[in-house]
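1. here's my sequence, what's the structure:
(chains A and B)
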There are 2 protein chains.
Amino acid sequence: MQGILAPVLTPFDRDLNPDAARFVRFCWSLLDDGCSALAPFGTTSEANSLSLDEREGLLDAVLDAGISPQRLVPGTGCSALPDTARLTRKAARAGCAGVLMLPPFYYKNVSAEGLYRGFAQAIDRAAEPRLRVYLYHIPQVSQVPIPLGVIARLLEAYPGVVVGIKDSSGDFANTRAMLRAFPGFEVFVGSEKFLLANLREGGAGCITATANVNAAAIARAFRERTEERQREIDRVRERFDKLPLIAALKEAVALRTGDDSWRAVRPPLVELSAEERRLLKASESP
Amino acid sequence: MQGILAPVLTPFDRDLNPDAARFVRFCWSLLDDGCSALAPFGTTSEANSLSLDEREGLLDAVLDAGISPQRLVPGTGCSALPDTARLTRKAARAGCAGVLMLPPFYYKNVSAEGLYRGFAQAIDRAAEPRLRVYLYHIPQVSQVPIPLGVIARLLEAYPGVVVGIKDSSGDFANTRAMLRAFPGFEVFVGSEKFLLANLREGGAGCITATANVNAAAIARAFRERTEERQREIDRVRERFDKLPLIAALKEAVALRTGDDSWRAVRPPLVELSAEERRLLKASESP
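-> Model prediction:
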């Protein structure tokens, strides 16, 4: 797998319930815009603010709508092992290209052994030979980093199953260290800021929040691999990095589609303030 | 509500599934030992390593066994709002004395408004007039502190519903600040180290991990309120604070009951190493 993946924003209705029809339409539009695949149920998707039934319902809706499971890498990592195993099994059985797996994220400062077991037992319990796992390293949010030693052990125990990682740490030295330590490991950066750097080191692409609003340009930067294209997508990213990211992305989709309901986020997130909305509009390129 | 509450350890079987029969027996033994009530499904209980169905199954087992719901304050705070609402509604409908509610804990550095909405919407969605909420402040684990301003707003919006807090921060200045800011608010400390200090300031008691192994002495310290009793329970606590706490408590229960299966923990936790087990045994008072 390579290219640009969008961690798809989750639309809510007036009662803050997921809106499956709008979600499906949005998934199609992201693929039309040039995303190579979709990573629904990531951090940007507010996945950990959804119940398991809600996540499964949205996945079913996307599959029923005819989106190929080979273009889906749903997030399945929960804090509870049976939940991770359940979502992972469902995605693998549906034929999804892979799953993006957070470590169990409630306890902090856990041992390497405990972290290894968290992933290993989720894979064992999912018990599905077609499973392909992308680890999800986002220590600034999960507060549970995935060290290189744990990755090495997983690659040894689950060859062909643990196949890649999304590195959202924002620490490119870590991304580079993984690329050098694990040849063939599919390393995606978590922001397009590192897209060109990652591709030059042999990385696979990026899974980035901003693909929800700028997929075409990011996909073009992936294809052309030039400094100029990188600068173009950096400028758009910077607009969003100054604001609460998820709320700002939903605001941008609301503005583009004329559909105010896109602004809805679940607690503990809040929609942009009036001042933040002004800032976002003011930063738009002419 | 006042006194000593145990965040009940969750026993697992060989396949790491919760063992309801052993759980019920253990709950009875803690009440026999002098706990005024039980707070199952806390951090010590590995609650966020359990699925919702598993938590509900264990709660049903305890209720079916005849333990009065008035002696139960189950943990119900999840990262997803519908999950928190579902567990909270179930506990309140069963007549539980209260629930212990973590804030949504996946996103970090959330706004006071987002945190307020997380609690408020969980209460609104639970829609159960008998509900009594104890907030659960454990920033070193959840990484989502509950500031005084949010508590003040909840007390104003939900008088008689939001009735207390468990302060597991280990920062007694914070405990004292809450006691002084909110007269009548039932403040429990999260470790018996602060029991006497909390009672002297008008606090309600403590909800402490170590009540799983030392309930009788802690309950006595609560009744007698002397420096001597406080020192006695401090000595036991110190033995456990040197070790991974949850695994050490399960080891102690395994030793006392002669039932090795008590050692089982779910990932990302791991059972004590041989060396840690030796340390725990060596520290036992003669």
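2. and the stretch 151-286 of chain A, which of its residues are near chain B?
-> A:Arg266, A:Pro267, A:Pro268, A:Leu269, A:Val270 (CB under 8 Å from any CB of the partner chain). Heads up, the C-betas are built off the backbone N, CA and C, glycines and all.
3. most neighbours of all the residues you listed, which one?
-> A:Pro268 (27 neighbours; other CB atoms under 10 Å in any protein chain shown).
4. wait, what's in contact with A:Glu228?
-> Residues in contact with A:Glu228 (CB atoms under 8 Å, 6 or more residues apart in numbering or on different chains): none are found.
5. helix or strand for it, which one?
-> helix A:227-241 (DSSP states H and E).
6. just checking, what packs against the next helix or strand after that helix?
-> Heading C-terminal from helix A:227-241, the first helix or strand you meet, by DSSP H and E, is helix A:245-257. Judged by 3 or more CB pairs under 8 Å, 6 or more residues apart in numbering or on different chains; DSSP states H and E, the packing partners of helix A:245-257 are helix A:211-224, helix A:227-241, helix A:274-282.
7. which of the residues in the first one are buried?
-> I take that to be helix A:211-224. Of the residues in helix A:211-224, A:Ala211, A:Asn212, A:Val213, A:Asn214, A:Ala215, A:Ala217, A:Ile218, A:Ala219, A:Arg220, A:Ala221, A:Phe222 count as buried by neighbour count, 16 or more other CB atoms under 10 Å in any protein chain shown.
8. any residues touching that helix, and which ones?
-> Applying CB under 8 Å, 6+ apart, the set of residues contacting helix A:211-224 is A:3-9, A:30, A:33-36, A:44, A:192, A:195-196, A:199, A:205-206, A:208, A:210, A:229-230, A:232-233, A:236-237, A:240, A:249, A:252-253, A:256.
9. identify the residues contacting stretch A:257-274?
-> A:9, A:11-14, A:16, A:19, A:22, A:46, A:49-50, A:243-244, A:246-248, A:250-251, A:253-254, A:280, B:80-81, B:103-104, B:107, B:110-111, B:113-115, B:117-118, B:121, B:144.
10. list buried residues within those residues.
-> A:9, A:11-12, A:16, A:19, A:22, A:46, A:49-50, A:243-244, A:246-248, A:250-251, A:253-254, A:280, B:80-81, B:103-104, B:107, B:110, B:113-115, B:117-118, B:121, B:144.
11. any buried residues in the helix-or-strand element of chain A with minimal mean pLDDT, and which?
-> Taking mean pLDDT, DSSP states H and E as the measure, helix A:274-282 is the helix or strand of chain A with the lowest mean score, a mean of 95. Using 16+ other CB under 10 Å as the test for burial, helix A:274-282 gives A:Glu276, A:Arg277, A:Leu280.
12. out of these, which is nearest to chain B?
-> Among the buried residues of helix A:274-282, A:Glu276 lies closest to chain B (CB to the nearest CB), at 11.4 Å.
13. all helices for chain A, in order.
-> Along chain A, the segments classed as helices by DSSP state H run A:20-32, A:52-64, A:81-93, A:112-126, A:139-142, A:148-157, A:172-181, A:195-200, A:211-224, A:227-241, A:245-257, A:274-282.
14. right, is the second one up against chain B?
-> Yes - if you take CB under 8 Å from any CB as the test, helix A:52-64 does meet chain B, through A:Leu52, A:Glu54.
15. can you state the direction angle for that helix and helix B:81-93?
-> Relative orientation of helix A:52-64 and helix B:81-93, computed by axes from the mean of the first three to the mean of the last three CA atoms, to 10 degrees: 140 degrees.
16. hey, C-alpha coordinates of helix A:52-64 in CSV?
-> Backbone C-alpha positions of helix A:52-64 (Å, rounded to 0.1, in the frame of the first residue of the first chain) are rendered in CSV as follows:
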residue,chain,number,x,y,z
LEU,A,52,-18.4,0.0,18.7
ASP,A,53,-21.9,-0.4,17.2
GLU,A,54,-21.6,3.1,15.7
ARG,A,55,-18.2,2.3,14.1
GLU,A,56,-19.4,-1.0,12.8
GLY,A,57,-22.6,0.6,11.4
LEU,A,58,-20.5,3.2,9.5
LEU,A,59,-18.2,0.5,8.1
ASP,A,60,-21.1,-1.5,7.0
ALA,A,61,-22.6,1.6,5.3
VAL,A,62,-19.4,2.2,3.4
LEU,A,63,-19.1,-1.4,2.3
ASP,A,64,-22.8,-1.6,1.3
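17. avg pLDDT for it?
-> For helix A:52-64, the mean pLDDT works out to 98.
18. can you list contacts of that helix?
-> Residues contacting helix A:52-64 (CB under 8 Å, 6+ apart): A:10, A:17-18, A:20-21, A:23-24, A:27, A:38, A:40-41, A:47, A:50, A:69, A:72, A:74, A:78, A:83, A:86-87, A:90-91, A:94, B:51-52, B:80, B:82.
19. next, the buried residues of that helix.
-> A:Leu52, A:Glu54, A:Arg55, A:Glu56, A:Leu58, A:Leu59, A:Ala61, A:Val62, A:Leu63.
20. between those, which is closest to chain B?
-> Closest approach between the buried residues of helix A:52-64 and chain B, by CB to the nearest CB: A:Glu54, at 6.9 Å.
21. what separation is there between that closest one and A:Ala61?
-> 11 Å (CB to CB, to the nearest Å).
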